[in-house]
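[1] could you work out the structure for the sequence below:
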Amino acid sequence: MSTVTRLTKRIIAIILVLVIAVALVAAVVYKTGMTPYHLYAVRTGSMGKTIPPESEVVVRDGQYHVGQVVSFRYAGEVITHRLIKLESGMATTKGDANPSADPWKVPQRDIIGGVVAAPRHAGWVLMYLTHSKRGDLGIVLLVIAAWLLLTFPEREEPQKPETPDTEFAHA
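    A predicted model of the protein is given here:
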């Protein structure tokens with residue numbers, strides 16, 4: 001294996017380890033609640049093109065205003081819809097793709113916060129990594145794979161035996 005190939009392999013392994021380390025730190029910070037942000041996956045199309053299914057929403061705890069997309073607890077679920085009205089401690093919400101307001105009123109205390117970001121198609125990956133035991137196992141397996149890349153001995157290519165140069169062999 002050439003020196004360039006070994007160096008490239010080593011650089012890729014180091015980058016992989018750094019990405020995993022950052023992901024682990026982020027997961028620990030998130031799981032311990034050290035930040036005012038929460039992550040939720042959007043599972044339905046009720047928000048239409050604004051936040052399509054399989055998106056992840058980043059919600060700022062306790063900060064929201066009328067007109068903003070918010071996440072709230074209702075019937076044991078976390079729902080992400082637009083806040084259209086606050087009145088007497090009760091919130092009226094509506095999914096952007098729905099023709100009318102939601103049929104329920106949400107107590108203001110059940111509003112988790114306002115959506116500050118919604119990366120598309122990141123919902124299932126992030127939920128897998130942050131909310132399941134399999135996600136923790138996946139991170140452990142990635143760390144082991146990176147460690148193996150860095151420490152596993154590289155196989156040397158067998159060298160071809162040198163053949164005598166025919167021009168000088170007849171001399």
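
[2] packing partners of the longest helix seen in the chain?
    Taking residue count as the measure and DSSP state H as the definition, the longest helix of the chain comes out as helix 3-31. Counting contacts by 3 or more Cβ pairs under 8 Å, 6 or more residues apart in numbering; DSSP states H and E, the secondary-structure elements packed against helix 3-31 are helix 123-131, helix 133-151. Backbone N, C-alpha and C define where each C-beta goes, glycine included.

[3] and if we set it to 6 Å?
    Other elements packing on helix 3-31 under the criterion 3 or more Cβ pairs under 6 Å, 6 or more residues apart in numbering; DSSP states H and E are helix 133-151.

[4] domain assignment for the protein?
    Structural domains annotated on the chain: 1-35+128-155, 37-121, as defined by automatic domain parsing.

[5] the strand ranked longest in the chain pairs with which strands, parallel or anti?
    Scanning the chain for the strand with the most residues, using DSSP state E, yields strand 77-87. Here strand 77-87 is paired, per DSSP bridges, with strand 69-74 (antiparallel), strand 90-94 (antiparallel).

[6] tell me which of those strands is the most buried.
    Most buried of the strands paired with strand 77-87 by mean neighbour count (mean count of other Cβ atoms under 10 Å) is strand 69-74; its value is a mean of 20.
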